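Student: Sequence and predicted model, in that order:
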Amino acid sequence: MISYLIRRIALAVVVLFGLLVATFFIIHLVPGDPVQIVLGGRATPEAVAHVRHQLWLDRPLLTQFWLYMTHTLRGDFGNAFTLGSPVGEILSQRVGPSAALIGYGMLLSLVIGVPLAIVAALRPNGWVDNAIRVSTAVSFAMPGFWLGLMLALIFGLELHWFPVSGYDGGIGGILRTLTLPALALGLALSTVVVRTLRSSLLEVLQTEYVEAARSRGLSELRVVGKHALRNSFMNTLTILSVNIGFLIGGTVVLEQVFQIPGLGQLLLTAVEKRDYQLVQALALLAGSAVVLASLAADIVQAFLDPRVRLGRR
Amino acid sequence: MSAVDVLGAPGAAGGQVPAAIPRRSRTHGLRGLPLQVKIGGGILALLVIVAILAPLLAPYGQNQLDFDHILSGPSFSHPMGTDSTGRDIFSRTLYALRVDLAIVVAVTYIPLPIGVLIGAMAGYFGGIVDAIVSRIIDTMIAFPFMVLVIAVIAIVGPGVKGVLIGVPIVAWALYARLARSEMLVMREQPFMLATTALGYTRRRAILRHAVPNLMRSCLIYSTLDMVVNLLLLASLAYLGLGAQPPNAELGSIIADGQSSLLSAWWVATLPGFVVVLFGIGAGLLGDGLSDGRLRGEVQ
């Protein structure tokens, strides 16, 4: 158990280091002089030299990386020179809406996906199962932003149930402003939840303990809903953690659709203004979120599931 | 996971089976294919033909303005309506489909052989090579796909060029991971062991014996990857990072329609259905191919 955990954490640390290296090179891969691009053509040589010094671009490459790594680990991402304030401060202002949207989207994907998977697994290849399969195939093919727009058109502009842009904090505000984008996100993810959970349920239904539950005369719904589902819970957790990256990508687009002032909008602003430091910090943050989420899921799994704990010793 | 199964079965039955399966299904021709594959392939073929023939089929030019018919709804003269400058949405969608399909094919099938080769080498050699390649793959996959592509676009600048560079830089890693995990199983198989026994060079063993076998499952996976890439392209175009105006991509037409969503729903709505249609076609094709493959394995 301990050695499994140590190995798993070491692996995450290696990948996090890889993320640091990859994001470090963003500014160095810019063709031409990044400082000139940022400041525009008419910048004075003094200003260029000043910014270059601020970005450590006048130091040797290895020193630059060392400075980048040590500052980042201390939580210091430098100054976003187009917005004129520390990157860390900007990020902390913007992280709320994005995190709420991802969490809400995840919740909705489970609320939609889990019951559908159970119903589909109860009668595999029946007409309900086939109908669910067709509808997940269709929603898999929908672009998230288009789905968002369609929801905004129907539930926002036609029915006036929800606003189609903006963001409010607090539970009430989140329910009002984030329901439509979270629904678009959750529907997209629920196709993955349904497909994976259905096949995992079908697999579990072949096992002996399910056979035993059935022979005790328990109803099929109870067998699937309680005995089988409990053992498929891990799969669901893994699906969610693997798809954090997908959710983050979806958030970037949906924040634009619904004008939510989160990290996704910030990323687009950073790209537009060519604020490479901000792009760097956001890419690093998004990558780390994925690595840490999958680490957390694996650790939870190791604690809950003896097969993982003992099997991989 | 299913990718590994395919290779497991022929190995258990003996080295000659892998060659026997495709040869037999080839004699069936089109009739032997599952219904899903026929429908999915038909949808894709239709879209490709329409895209290629866009200049012949489009009733108007893609940037032809018509200020007498601003935001007019779907009609016989404008099957999908017009946008805020009177451009015909149907014509624009056809041209956009042309651009998008060309980019999708490029960004799906350029990284595929590169990824397969890298993954095959990592799986074949194992040890330090595998450890390094695997960590690079892990790192690439750890970034959310969309964020990493946007970061690359931040470097090379928005436009089709940014997409063409950005997506393959990331996408090879998915194929490398798939090919690597299959290679780990395959290198223990009799026919791969035989290449060593026969004294073939490692290059010949990888290129002539391993890679063709790895290609099959990667090609099946690529049908799903095409959907993911089309959705990604549409999203990037929607965000204004794809083809620059006045040229159209499906995503940018939809983005143009967002401001007039209530008064002219057709601008944002109808091009989206084309994306959905492509996704359904490719999804059916992929599902059918992997089902057929599994059935072949059971027999």
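Tutor: Right, received. Where do you want to start? The shown structure was predicted, so the numbers you read here are calculated from the model rather than taken from an experiment. Numbering: from 1, shown residues only, chains lettered A, B, ... in the order given.
Student: Would you map the helices across the stretch 1-150 of chain B?
Tutor: In the stretch 1-150 of chain B, the helices defined using DSSP state H, counting those that start in this stretch lie at B:2-13, B:17-28, B:35-52, B:54-57, B:89-109, B:111-125, B:127-142, B:145-156.
Student: State the mean pLDDT of the second one.
Tutor: Spelled out, it's helix B:17-28. Helix B:17-28 carries an average pLDDT of 46.
Student: any idea how far the residue most central in space within chain B lies from chain A?
Tutor: Geometric centre of chain B, nearest residue: residue B:226, 1.8 Å, by C-alpha atoms, centre = their mean. Between residue B:226 and chain A the computed distance is 11 Å (C-beta to the nearest C-beta, to the nearest Å). Placement of C-beta: from N, CA and C, glycine included.
Student: in a helix, that's where that residue is, yeah?
Tutor: Yes - Residue B:226 sits within a helix when classified using DSSP: H, G, I helix; E, B strand; the rest coil.
Student: Of all the helices of the stretch 1-150 of chain B, which one is nearest residue B:246?
Tutor: The closest of the helices of the stretch 1-150 of chain B to residue B:246 is helix B:89-109. By C-beta to C-beta, the value is 9.6 Å.
Student: Out of the helices of the stretch 1-150 of chain B, which one sits most buried?
Tutor: Counting by mean count of other C-beta atoms under 10 Å in any protein chain shown, helix B:145-156 has the highest mean neighbour count of those, with a mean of 25.
Student: Show me what it is in contact with.
Tutor: Applying C-beta atoms under 8 Å, 6 or more residues apart in numbering or on different chains, the external contacts of helix B:145-156 come out as A:23, A:26, A:29-31, A:245-246, A:248-250, A:252-253, A:267-268, A:270-271, A:274, A:276, A:279, A:282-283, A:286-287, B:140, B:143, B:162-163, B:165-167, B:169-170, B:228, B:232, B:235-236, B:239, B:241.
Student: ok, residue A:256 - how many residues close by?
Tutor: Around residue A:256 there are 22 other residues, counting by other C-beta atoms under 10 Å in any protein chain shown.
Student: contacting residues for the residue nearest to the centre of chain B?
Tutor: Residue B:226 sits in contact with B:104-105, B:108, B:282, where contact means C-beta under 8 Å, 6+ apart.
Student: before we move on, what about residue B:225?
Tutor: By C-beta under 8 Å, 6+ apart, the contact list for residue B:225 reads B:108, B:171, B:174.
Student: Surely the first one touches residue B:171?
Tutor: In this case it means residue B:108. Yes - counting by C-beta atoms under 8 Å, residue B:171 is a contact partner of residue B:108 at 7.3 Å.
Student: Enumerate the residues of the stretch 151-299 of chain B near chain A.
Tutor: By C-beta under 8 Å from any C-beta of the partner chain, the residues of the stretch 151-299 of chain B that approach chain A are B:151, B:153-156, B:158, B:227, B:231, B:234-235, B:238-239, B:241, B:251, B:254, B:258, B:261-262, B:265, B:268-269, B:272, B:275-280, B:282-284, B:287.
Student: Single out the residue in the stretch 101-250 of chain A that lies closest to chain B.
Tutor: The nearest approach of the stretch 101-250 of chain A to chain B comes at residue A:141, 2.3 Å away (C-beta to the nearest C-beta).
Student: May I have the residues that are in contact with the closest residue in space to that residue that isn't next to it in sequence?
Tutor: Excluding the flanking residues, the one nearest residue A:141 by C-beta to C-beta, 6 or more residues apart in numbering or on different chains is residue B:279, at 2.3 Å. Applying C-beta under 8 Å, 6+ apart, we find residue B:279 in contact with A:140-142, B:227, B:230-231.
Student: how much space between residue B:279 and residue B:40?
Tutor: 10 Å (C-beta to C-beta, to the nearest Å).
Student: again, but for residue A:196
Tutor: 21 Å.
Student: Same check on residue A:76?
Tutor: Going from residue A:76 to residue B:40 by C-beta to C-beta gives 52 Å.
Student: do residue A:35 as well
Tutor: In this view, residue A:35 and residue B:40 are 50 Å apart by C-beta to C-beta.
Student: What of residue A:23?
Tutor: Residue A:23 is 39 Å from residue B:40, by C-beta to C-beta.
Student: all strands for chain A, in order.
Tutor: A:79-80, A:85-86 (DSSP state E).
Student: Show me which residues of the stretch 1-150 of chain A sit near chain B.
Tutor: Residues of the stretch 1-150 of chain A lying near chain B by C-beta under 8 Å from any C-beta: A:11, A:14-15, A:18-19, A:21-23, A:26, A:29-31, A:137-138, A:140-146, A:149-150.
Student: Among those residues, which ones are in helices?
Tutor: If you go by DSSP state H, the residues of the stretch 1-150 of chain A next to chain B have A:11, A:14-15, A:18-19, A:21-23, A:137-138, A:140, A:144-146, A:149-150 in helices.
Student: so which of those residues comes closest to residue B:34?
Tutor: residue A:137 (14.8 Å).
Student: show me what contacts that closest one?
Tutor: By C-beta under 8 Å, 6+ apart, the contact list for residue A:137 reads A:191, B:280, B:283-284, B:287.
Student: cutoff 7 Å now
Tutor: By C-beta atoms under 7 Å, 6 or more residues apart in numbering or on different chains, the residues touching residue A:137 are B:280, B:283.
Student: Residue B:280 versus that one, what's the distance?
Tutor: 6 Å.
Student: want to try CSV for the strands of chain A, with mean neighbour count and mean pLDDT as columns?
Tutor: Shown next, in CSV, are these (neighbours: other C-beta atoms under 10 Å in any protein chain shown; pLDDT from 0 to 100):
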stretch, mean neighbour count, mean pLDDT
strand A:79-80, 22, 71
strand A:85-86, 12, 79
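Student: Quick one: closest of these to residue A:235.
Tutor: Among the strands of chain A, strand A:79-80 comes nearest to residue A:235, with 40.4 Å by C-beta to C-beta.
Student: What pLDDT does the model give residue 38?
Tutor: Since no chain was named, I'll use chain A. Listed pLDDT for residue A:38 reads 71.
Student: my question was about chain B
Tutor: 86.
Student: ok, back up a step: please, a PyMOL command that selects the buried ones among the contacts of helix B:145-156?
Tutor: Selection command for PyMOL covering only the buried members of the contacts of helix B:145-156, criterion 16 or more other C-beta atoms under 10 Å in any protein chain shown:
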select buried, (chain A and resi 23+26+30+245+246+248+249+250+252+253+267+268+270+271+274+276+279+282+283+286+287) or (chain B and resi 140+143+162+163+165+166+167+169+170+228+232+235+236+239+241)
